[in-house]
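Visitor: Provided below are the primary sequence and the corresponding predicted coordinates.
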Amino acid sequence: MILLATRYGLRVSDIIGLRFTNIDWEKNLLKIDQVKTSKQVSLPLSEEVGSAIIDYIKHGRPDVESPFVFLTAHAPYKELGSNVLSGNIMSWMHYAGIDSTNKKAGAHAMRHSLATNLLGANETLPVIQRYWVTVQQKVRLSI
């Protein structure tokens with residue numbers, strides 16, 4: 001789940017709502033209908049992320065029928081709540097000694113970090129927008 005946030009900038013709602021039908025293994029694509037924007041996006045499924053999902057399915061996911069990729073760890077197995085991912089990330093940041101006072105924290109920090117890293121790598125604005133900006137938002141850069 002963390003890789004989906006850090007590598008693709010996906011929102012929590014899109015990560016926890018990920019279904020097996022969203023993954024095209026043959027074409028190595030993630031096809032997601034974004035919850036917030038209702039916009040469909042297709043993203044290349046990297047080997048790193050694909051391998052992590054496969055590892056979770058084989059070794060971490062409960063062996064139950066569900067259309068959702070990510071499930072609760074204890075019965076009754078169901079789709080994760082939106083606070084689970086952000087709460088875990090905030091806890092890990094705290095344990096790592098990262099001060100998130102007056103900063104974006106949780107899963108949204110992963111989205112923000114991706115945009116910052118793309119800017120730092122001199123990526124073009126359209127690429128950054130593809131991963132991060134919603135239909136209603138505009139990025140303002142002061143260069």
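Guide: Great, that's in hand. Residues are numbered from 1 along each chain as shown.
Visitor: from here on, contacts and neighbour counts on C-alpha atoms
Guide: Will do.
Visitor: What separation do you get for the closest residue to residue 77 other than its chain neighbours and residue 64?
Guide: Nearest residue to residue 77, sequence neighbours excluded (CA to CA, 6 or more residues apart in numbering): residue 71, at 6.0 Å. According to CA to CA, to the nearest Å, residue 71 stands 9 Å off from residue 64.
Visitor: swap in residue 45?
Guide: Look at residue 45 and residue 64: by CA to CA, they are 24 Å apart.
Visitor: which one of the two has more residues nearby?
Guide: Counted by other CA atoms under 10 Å, residue 45 and residue 64 do not tie: residue 45 has more neighbours, with 19 against 9.
Visitor: circling back to that earlier point, is it true that the residue nearest to residue 77 touches residue 84?
Guide: No. Using CA atoms under 8 Å, residue 71 and residue 84 do not qualify as a contacting pair, with a distance of 10.7 Å.
Visitor: In terms of neighbours, single out the busier of those two.
Guide: The residue with more neighbours, out of residue 71 and residue 84, is residue 71; 21 against 14, by other CA under 10 Å.
Visitor: The spatially closest residue to residue 10 that is not a sequence neighbour is in what secondary structure piece?
Guide: Leaving aside its chain neighbours, residue 10 sits nearest to residue 4 (6.0 Å; criterion: CA to CA, 6+ apart). Per DSSP states H and E, residue 4 falls inside helix 2-8.
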